[in-house]
Every structure is written in C-alpha cells, then in structure tokens.
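Engineer: coords please:
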Amino acid sequence: MTEKKPWYLSRTIWASIVTIIAGAGGLAGLPVEHVDRVATTDYLLQIVTALSGVAALLGRISATTRLI
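Structural biologist: Modelled structure (predicted):
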C-alpha cells in the first residue's frame with residue numbers, strides 16, 4: 001500500500017464520519033436505526049468526488065500559469 005490519496009477520497013474516513021454522526025444523532029434522540037450507512041457513505045463520497053472535480057476544474061480555469 002504505497003499509493004497515496006487525499007483523506008476525503010477514503011471510504012473508511014467517510015464511513016467513520018457517518019458512524020460518528022449516526023451515533024451522535026442517536027444520543028440526541030434522532031431516529032437513526034433505519035439509516036442505511038453504506039448507502040449514506042457512498043452518497044457522501046459521490047458528493048465529495050463531484051465537489052473536488054469542480055474545484056479542480058475551477059482552479060485550472062482561474063490559474064495564471066501554464067501547464068508544461
């Protein structure tokens with residue numbers, strides 16, 4: 001495992017975030033037993049991937065130096 005990737009592309013990180021939020025929601029009294037955590041993690045990962053793509057595109061469009 002020598003490849004590196006940004007933290008926000010890690011399924012493990014997002015699954016952990018969903019688990020923490022679900023646990024906190026349960027403590028706060030919100031009904032979270034019917035939440036599909038795998039689907040929620042995939043959904044969040046798709047959002048993050050789309051947003052990072054938009055950020056990369058906008059960054060390249062607004063860049064002031066050329067790529068070699």
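
Engineer: Quick one: distance of the longest helix along the chain to the chain centre.
Structural biologist: Using DSSP state H, we find that the single longest helix of the chain is helix 37-61. Distance of helix 37-61 from the chain centroid (Cα atoms, centre = their mean, to the nearest Å) equals 7 Å.

Engineer: Give the buried residues for that helix.
Structural biologist: Neighbour counts over helix 37-61 (16 or more other Cβ atoms under 10 Å) mark 40-41, 44-45, 48 as buried. C-beta: built from backbone N, CA, C; applies to glycine.

Engineer: Farthest-apart pair in those residues, please.
Structural biologist: T40 and V48 (12.6 Å; Cβ to Cβ).

Engineer: and for the longest helix of the chain, what are the contacting residues?
Structural biologist: With contact meaning Cβ atoms under 8 Å, 6 or more residues apart in numbering, helix 37-61 is reached by 6, 8-9, 11, 14-15, 17-19, 22.

Engineer: Quick one, which of those residues are buried?
Structural biologist: The buried subset of these (16+ other Cβ under 10 Å) comprises 14-15, 18, 22.
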